[in-house]
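Colleague: how would this look folded up:
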Amino acid sequence: MAQNLTVTREQVLEFHLGGKVRLGLPRPVRSTRDLCLAYTPGVAQAVKELAAAPEKSFDYTARGNLVAVVSDGTAILGLGDLGALASVPVMEGKAVLFKSFGDVDAWPVPLARCRIDGKDTGKTDPQRVIDAVAALAPMYGGINLEDIAAPACFEIEDRLEAMLDIPVFHDDQWGTAVITLAGVMNYARLSDRQLGGLRVVINGAGAAGIRIADMCKAAGVKDLVICDSKGPCRTDRTDLNEHKRRHAVKTPATTLGEALRGAHVFIGVSVANCVKGEEVRQMAEYPAIFAMANPDPEIHPDAVAAAFGKSPYIMATGRSDFPNQINNVLGFPFLFRGALDARARSINVEMKVAAAEALAALARERVPESLSALYPDEKLVFGPQYIIPKPFDRRLLVNVSLAVSQAAVASGVAPACDMTALKAALEARRDAPAGQ
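Modeller: Just a heads-up that it's a prediction; the model follows:
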């Protein structure tokens, strides 16, 4: 049942008055001695230390727990290309979520494009973004790219990842993919199927759709069809970009509806109301429908319920007012927490799959009563109505972050470290007031 979480325009604007982020000081300056330590003459010692050993910047500056949230505002969620300045409330919101859920300090970095009459114009210039991010990287332990339109976002992430020795992560590509994979893993368990035996159809071949396909295949899915606005990405099509061509398949299907026949899983990251009830009804027995377009899904949960009647199915959306929300806040705070703690040089596929596995496993555990109390209208017991953990489950901070750190070390992108100590530090963060 949907929850009533309606907020008014006035309430939203009041919440945003003065912005959502501010600078905090871990060591306030309250005396002359503090001033000497924080700045002149004492700061010279820290400068010399970093000049001699740059890797100590993660110890003696804020860098070790600081992420840049970078955007040019070309693909603001649900709103499109409104420019860098308009993106700032979203980037501030991202910083709030980083701190609240992962205890990661983050700061908005909006990057203006060419300006005419004070307004951003033109498409993303990948080189301009790459140059800007590379120039500011010495202050940060990680780069979170946000709301940058495809296909430029692919080039930007790939090139920065190759250039920098800190994690670069485009959340619109990978965040949704990690959470979706966790849901697909638990769907497979509930339907008594193996990932390798699933037939998966993705609608939407932009940043999110491409990376969901990548993640599903990395986890073992073999039969996958991705569709764009012209239908399935088939090997005989000549209009596919390089990313769509990687996932092109031989199939007789020429439409999304035809591709869905007999499929086990539908994943939508496209547009509202593009799927009909009779089309999902032709899917395999006990299917999963992940309709994640926001604010209106590819098919409304009520339409799916009407299509299946009493037949079993699993439904997930991107909305917070229905069960099984595929919400990126379940991913990026903990991916970066784990990467920062391990001092990983990147967030690779192994770390992303580990995060998905940890998310899926947590949804199968018994939920604390304190968490259930936050969701009085839902029964938080592993099953069709609960395949993904809730964002306010504080166990995420330990379980997912630690899994990411372990995968970073095991895959060779982070040095060996004391996992027992890392876990203890995560438990301390978990038990501290959130966001403090």
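
Colleague: tell me, how many neighbours does residue 168 end up with?
Modeller: Using other CB atoms under 10 Å, residue 168 has 24 neighbouring residues. Every C-beta, even on glycine, is put in place using the N, C-alpha and C of the backbone.

Colleague: give the contact list for it.
Modeller: Residue 168 sits next to 133, 142, 143, 145, 157, 160, 161, 346, 347 when contact means CB atoms under 8 Å, 6 or more residues apart in numbering.

Colleague: who touches the closest residue to residue 139 other than its chain neighbours in this structure?
Modeller: Among residues not flanking residue 139 along the chain, residue 63 sits closest, at 6.2 Å (CB to CB, 6 or more residues apart in numbering). Neighbouring residues of residue 63 by CB under 8 Å, 6+ apart: 57, 138, 139, 140, 141.

Colleague: can you add pLDDT and give the contacts of residue 168 back as a markdown table?
Modeller: Below are the contacts of residue 168 laid out as a markdown table (pLDDT from 0 to 100):
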| residue | pLDDT |
| --- | --- |
| 133 | 97 |
| 142 | 98 |
| 143 | 98 |
| 145 | 97 |
| 157 | 96 |
| 160 | 98 |
| 161 | 96 |
| 346 | 97 |
| 347 | 98 |
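
Colleague: of all those, which comes closest to residue 91?
Modeller: Of all those, the one with the least separation from residue 91 (CB to CB) is residue 145, at 10.8 Å.

Colleague: doesn't residue 210 lie inside a strand?
Modeller: No - counting by DSSP: H, G, I helix; E, B strand; the rest coil, residue 210 falls outside a strand, being helix.

Colleague: is the closest residue to it other than its chain neighbours in a helix, a strand, or coil?
Modeller: Computed as CB to CB, 6+ apart, the closest residue to residue 210 that is not its neighbour in sequence is residue 243, at 4.8 Å. With three-state DSSP as the basis, residue 243 sits in helix.

Colleague: residues in contact with residue 243?
Modeller: Contact analysis of residue 243 by CB under 8 Å, 6+ apart lists 151, 154, 205, 210.

Colleague: among these, which two are most distant?
Modeller: Spatial extent of the contacts of residue 243 (CB to CB) is set by the pair 154 and 205 at 11.9 Å.

Colleague: between these two, who's got more neighbours?
Modeller: Remark: of residue 154 and residue 205, residue 205 carries more neighbours, 24 against 19, as counted by other CB under 10 Å.

Colleague: the more buried one looks like it's in a strand, true?
Modeller: No - per three-state DSSP, residue 205 lies outside any strand segment and is coil.

Colleague: the residue lying closest to it once chain neighbours are set aside and residue 208, how far apart?
Modeller: With CB to CB, 6+ apart as the criterion, residue 205 has its nearest non-adjacent residue at 4.0 Å, and that residue is residue 228. For residue 228, the distance to residue 208 equals 13 Å [CB to CB, to the nearest Å].

Colleague: so these two - more neighbours on which side?
Modeller: Taking other CB under 10 Å, residue 228 and residue 208 do not tie; residue 208 has more neighbours (26 against 20).

Colleague: what's the helix or strand for residue 70?
Modeller: strand 66-71 (DSSP states H and E).

Colleague: number of nearby residues for residue 69?
Modeller: For residue 69, the count of nearby residues is 29 (other CB under 10 Å).

Colleague: swap that for residue 139, please
Modeller: 14.

Colleague: now do the contacts for it.
Modeller: If a contact means CB under 8 Å, 6+ apart, then residue 139 has 61, 62, 63, 66, 68 as its contacts.

Colleague: model confidence for it, exactly?
Modeller: Note on residue 139: pLDDT of 96.

Colleague: phi first, then psi, for it.
Modeller: Main-chain torsions, residue 139, degrees, to the nearest 10: phi -90, psi -20.

Colleague: where do the strands sit along the stretch 1-150 of the chain?
Modeller: Under the criterion DSSP state E, counting those that start in this stretch, the stretch 1-150 of the chain carries strands at the ranges 66-71, 105-110, 115-116, 119-120, 142-145.

Colleague: the ones you listed: which one's closest to residue 294?
Modeller: Of these, nearest to residue 294 by CB to CB is strand 66-71, at 17.3 Å.

Colleague: how about the most centrally placed residue in the chain, nearest residue that isn't a chain neighbour?
Modeller: The residue lying closest to the centre of the chain (CA atoms, centre = their mean) is residue 175, at 2.0 Å. Leaving aside its chain neighbours, residue 175 sits nearest to residue 328 (3.7 Å; criterion: CB to CB, 6+ apart).

Colleague: surely that neighbour meets residue 173?
Modeller: No - counting by CB atoms under 8 Å, residue 328 does not reach residue 173; the two are 10.7 Å apart.

Colleague: now stretch 292-299: buried residues?
Modeller: 292, 293, 297, 298, 299 (16 or more other CB atoms under 10 Å).

Colleague: excluding sequence neighbours, find me the nearest residue to the second one.
Modeller: Nearest-residue entry for residue 293: residue 272, 5.4 Å, with adjacent residues in sequence omitted and distances by CB to CB, 6+ apart.

Colleague: where are the low-confidence patches of the stretch 301-436 of the chain?
Modeller: Low-confidence segments of the stretch 301-436 of the chain (pLDDT under 70): 434-436.

Colleague: repeat that for 90
Modeller: The stretch 301-436 of the chain contains residues with pLDDT under 90 at 319-321, 376-378, 432-436.

Colleague: is the residue nearest to the centre of the chain in contact with residue 334, as I believe?
Modeller: No - taking contacts as CB under 8 Å, residue 175 lies outside contact range of residue 334: 10.7 Å.

Colleague: strand 66-71 and the helix or strand containing residue 155, what's the angle between them?
Modeller: For residue 155, the element it lies in under DSSP H and E is helix 152-163. Orientation note: helix 152-163 sits at an angle of 150 degrees relative to strand 66-71 (axes from the mean of the first three to the mean of the last three CA atoms, to 10 degrees).

Colleague: just checking, what packs against helix 152-163?
Modeller: Identification of packing neighbours for helix 152-163 by 3 or more CB pairs under 8 Å, 6 or more residues apart in numbering; DSSP states H and E yields helix 126-136, strand 142-145, strand 168-170, helix 171-190, helix 207-218.

Colleague: what angle separates the first one from helix 152-163?
Modeller: The reference is to helix 126-136. Going by the same axes, to 10 degrees, helix 126-136 makes 40 degrees with helix 152-163.

Colleague: neighbouring contacts of helix 126-136?
Modeller: Counting by CB under 8 Å, 6+ apart, 68, 70, 72, 109, 111, 113, 143, 148, 152, 155-156, 159-160, 163-164, 168 sit against helix 126-136.

Colleague: what's the farthest-apart pair in the residues you listed?
Modeller: Maximum distance among the contacts of helix 126-136 (CB to CB): 21.6 Å, for 113 and 164.
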